[in-house]
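Asks: dropping the sequence and predicted coords here.
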Amino acid sequence: MMKAKIWSTSIWLLVYVILVTCYASRAFPWGSNAHERITDAACDFLPSEISPFFVKHRRQLAYHSNDPDRWRRELLFRIGLKYEKDLNSGQITADLRQVFEVHRIDFPQNAPVSLRGKEGRWFITVGKQEYPIRKEADKLYLLGDKTAIFENRSAEPVLLGSEEETRFALDIEENLLSLTSLNVYKSGDPAEGPRHFLDIDLYGPYPFVELPHDYDDAVAKFGVETITKRGLATWRIADYTRLLSEAMKSGDTQKIVQAAGALAHYVEDIHMPLHVVKNYNGQLTNQHGVHQRFEDDMVDAYAERIHLTPKRALEIGDPLEAAFDIVLDSYVYANNLLHADRKAKLGEDTYSASYLEKLFRFSGWIAVQRMSDAATATASYWYTAWLRAGKPELK
């Protein structure tokens, strides 16, 4: 993740804003921070012929690794954590209504409004327009004595930046300052969501030979609606490998970086075990919210203890078949992850810091392994695209 550091009393907060998160009940990515970290790590495990280009542009690559999530939704604005109580109670207060109006969101007095969701997710529906809301925790790392800086902090939201910017509530945990907000989105490209997952266990028993790997054959057998609903990630990866090759042939640096970032996102998503199973959010086993608890809450909370160990990039013979192999590998971890969540919840009334500590103890190794493998695969797909492009010089 990008860090904001306190350098002096005159410039005491510098925040790199995470622009996008997921909103729908189905389409969860690795957390934004995890995508950036995996993509950044991949830059260091490329052959010497292309490594300089990727190292040079690593910051842009990390940013663009979250582009596919940005295509799914548009971040409208952030609201303070103080509104969480209103949302949990199912009430739209006058203050919250005013927040929408300030940001030019049409919120008529008599519009039908519904609130639903759990684990920090709400959906306000005004007429035909749905506004997903999700709680976010951006991390800031402190230099100096945090106690001296914040010992007199108010319980009220703290203003960061100019008066036009949103107010946030601050919370301190050990040496970490957590900036928590509620982000409001509206829907983007509806076709994007299925490109981030493949529920492989909907296609019979392991190793799921019922599903043809050729897209046209799969559609002929199951129909385009079923194939789309169950996920398109593997075919998206094959397509983006080709698109990256074309960008490399063109020599257009911006196109290369954007395509490489998007390809990284799709490759990294299928390394998350819950991206490849029908029980993607524990909804079938009364473990609702496990997806976010693992990939966002736990990974962010224990970021400093998750040390990635990628391997050197290698050429991929068949990008599509390699993607299906990744899906099978991730599938093997899914039950272990769900078991770890159940075990961590024993004796816990809430999903508190105590729960997260146990979840990391039981499943942290899964995050380390899958994130490391994702970095290796990301670098390998980049390298393969370059080879298929004819080894052009990247500047």
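Replies: It's in.
Asks: where exactly do the helices run in the stretch 1-150 of the chain?
Replies: Taking DSSP state H, counting those that start in this stretch, the helices of the stretch 1-150 of the chain run over residues 32-42, 51-56, 58-64, 67-72, 84-88, 94-102, 146-150.
Asks: most tightly packed of the ones you listed?
Replies: helix 32-42 (a mean of 25; mean count of other CB atoms under 10 Å). Quick note: C-beta positions are derived from backbone N, CA and C, even for glycine.
Asks: same question for it, mean pLDDT?
Replies: Average pLDDT, helix 32-42: 91.
Asks: which stretch among the helices of the stretch 1-150 of the chain comes nearest Q258?
Replies: helix 58-64 (5.2 Å; CB to CB).
Asks: what does that closest one contact?
Replies: 2, 35-37, 39-40, 43, 54, 257-258, 260-262, 264 (CB atoms under 8 Å, 6 or more residues apart in numbering).
Asks: again, only this time at 10 Å
Replies: For helix 58-64, the external contacting residues (CB atoms under 10 Å, 6 or more residues apart in numbering) are 1-2, 16, 19, 32-33, 35-44, 53-55, 57, 70, 253-254, 256-265, 378, 382.
Asks: pLDDT on it, on average?
Replies: 93.
Asks: quick revisit: let's have the helices of the stretch 1-150 of the chain in CSV, adding distance to V126.
Replies: CSV is the format used below for the helices of the stretch 1-150 of the chain (distance: least, CB to CB, whole Å):
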stretch, distance to V126
helix 32-42, 27
helix 51-56, 44
helix 58-64, 31
helix 67-72, 20
helix 84-88, 15
helix 94-102, 8
helix 146-150, 37
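Asks: now D189. Nearest residue, chain neighbours left out?
Replies: Closest residue to D189 apart from its sequence neighbours, by CB to CB, 6 or more residues apart in numbering: W71 at 5.0 Å.
Asks: quick one: contacts for the one you found?
Replies: Counted by CB under 10 Å, 6+ apart, W71 has contacts 20, 188-189, 191-193, 195, 262, 265.
Asks: any low-confidence regions in this protein?
Replies: Within the chain, the segments meeting pLDDT under 70 span 1-31, 106-111, 117-120, 137-180.
Asks: go again with 50.
Replies: 1-29, 141-166, 174-176 (pLDDT under 50).
Asks: sorry, back to before: out of the helices of the stretch 1-150 of the chain, which comes closest to K311?
Replies: Per CB to CB, nearest to K311 of these: helix 32-42, 10.8 Å.
Asks: who does the closest one touch, helix- and strand-wise?
Replies: If you count contacts as 3 or more CB pairs under 10 Å, 6 or more residues apart in numbering; DSSP states H and E, helix 32-42 packs onto helix 51-56, helix 58-64, helix 67-72, strand 129-141, helix 253-269, helix 299-301, helix 353-388.
Asks: pull the distance from the first one to the chain's centre.
Replies: How far helix 51-56 lies from its chain's middle: 24 Å, per CA atoms, centre = their mean, to the nearest Å.
Asks: and the contacts of that helix?
Replies: In contact with helix 51-56 (CB under 10 Å, 6+ apart) are residues 39-40, 42-46, 61, 248, 253, 256-257, 260, 313, 379, 382-383, 386, 393-395.
Asks: are any of those residues buried, and which?
Replies: 39-40, 42-43, 45-46, 61, 248, 256-257, 260, 313, 379, 382-383, 386, 394 (16 or more other CB atoms under 10 Å).
Asks: so what's the residue lying closest to R236 once chain neighbours are set aside up against?
Replies: Nearest residue to R236, sequence neighbours excluded (CB to CB, 6+ apart): R195, at 4.2 Å. Contacts for R195 (CB under 10 Å, 6+ apart) come out as 27, 68, 71-72, 189, 228, 231-237, 239-240, 262, 265-266, 269.
Asks: out of those, which are buried?
Replies: 27, 68, 71-72, 231-237, 239-240, 262, 265-266, 269.
Asks: what sits against the residue nearest to E84 when sequence neighbours are not counted?
Replies: Spatial nearest neighbour of E84, excluding adjacent residues (CB to CB, 6+ apart): L182 at 6.3 Å. Listed by CB under 10 Å, 6+ apart, the contact partners of L182 are 77-84, 86-87, 96, 99, 120, 122, 133-136, 166, 168-169.
Asks: name the next helix or strand downstream of the helix or strand containing L182, please.
Replies: L182 is located in strand 176-187, with elements delineated by DSSP states H and E. Later in the chain than strand 176-187, the nearest helix or strand by DSSP H and E is helix 215-222.
Asks: which other residues reach whatever helix or strand comes next after that following helix?
Replies: Next helix or strand after helix 215-222 toward the C-terminus (DSSP H and E): helix 224-230. If you take CB under 10 Å, 6+ apart as the criterion, helix 224-230 is touched by 26, 191, 193-195, 197-203, 211-212, 215, 218-223, 235, 278.
Asks: V257 touches K395, doesn't it?
Replies: No: V257 is beyond contact range of K395, at 11.7 Å (criterion: CB atoms under 10 Å).
Asks: quick check: closest non-adjacent residue to G282.
Replies: Nearest non-adjacent residue to G282 (CB to CB, 6+ apart): V290, at 3.8 Å.
Asks: show me what contacts that neighbour?
Replies: 119, 274, 279-283, 337-338, 340-342, 344-345, 351, 359, 363.
Asks: now, those that are in helices?
Replies: Counted as lying in helices by DSSP state H, out of the contacts of V290, are 337-338, 340-342, 344-345, 359, 363.
Asks: could you dump these to TSV with distance to M298 and neighbour count?
Replies: What follows is the ones in helices among the contacts of V290, written out as TSV (distance: CB to CB, whole Å; neighbours: other CB atoms under 10 Å):
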residue	distance to M298	neighbour count
L337	10	25
L338	14	21
A340	10	22
D341	10	24
R342	14	14
A344	9	24
K345	13	17
L359	5	26
S363	7	24
